[in-house]
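In: Sequence plus predicted model, see below.
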Amino acid sequence: MKIQITGLSDGIHRYQFAVNSAELTLGEDFEGNVAVEAVLDKSSTQILLTASISATARFTCDRCVSPFSQSLRSGYSMVYVSEGIETQHLDPAEVQVISAALHMIDIAEDVRQTVLLSVPLKVLCKETCKGLCPLCGTNLNEQTCTCSDTEIDSRWEELRKLQSN
Ligand SMILES: [Zn+2]
Ligand SMILES: [Zn+2]
């Protein structure tokens, strides 16, 4: 994911990348390609890069433990400034100082970190996931079970036994 900056004219430049998630060393939870759309806004002293990223990851549903894949969208901005330019007004996390001798910027590591940060801690296969029956483990998205009925029945049964004693 390298962008040549030598000889780049001032103004807006657009780039598209598609890199295999394994090549980007995102880990086994990712599959397919990571697609990046980068927009560069170059002026005489700086380059503003805005990247939109789309990746696909495999998850296990927190509720029904089914495996599923989901696309993750993320993005970031980065300002590349020439050496000697004042950067105090900028967020240090979004600034990289580049030397005049640098011909290429490589956005792979920034893309990688942005994708990893976009992974949610808790995931559901779908908003309406019904989860697993806590008693028999049936995936209630796929079929129903009769546990809730029998559970209540057996409690009444216990109560009846206590009363008759
Ligand atoms: Zn689920
Ligand atoms: Zn059940």
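Out: Received it, and whenever you're ready, just let me know what you need. Residues are numbered from 1 along each chain as shown. Ligands and ions are numbered 1, 2, ... in the order given.
In: Residue ranges in this protein under the pLDDT threshold?
Out: Counting by pLDDT under 70, the chain has low-confidence residues at 148-159, 164-165.
In: So it: which segments form each domain?
Out: 2-128, 130-165 (automatic domain parsing).
In: Do a quick rundown of the helices in this protein.
Out: 108-117, 147-164 (DSSP state H).
In: returning to that earlier point: mind putting the domains of the chain into TSV with mean neighbour count?
Out: No exception for glycine: its C-beta is placed from N, CA and C like everyone else's. Formatted as TSV, the domains of the chain follow (neighbours: other CB atoms under 10 Å):
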stretch	mean neighbour count
domain 2-128	14
domain 130-165	12
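In: so which of those domains comes closest to ligand 2?
Out: domain 130-165 (3.0 Å; CB to the ion).
In: check whether stretch 114-133 contacts ligand 1.
Out: Yes - counting by CB under 5 Å from the ion, ligand 1 is contacted by stretch 114-133 at 125, 129.
In: Can you name the residues in contact with that stretch?
Out: 24, 26, 29-30, 34, 51, 53, 55, 57, 59-66, 68, 70, 72-76, 138-141, 145, 147-148 (CB atoms under 8 Å, 6 or more residues apart in numbering).
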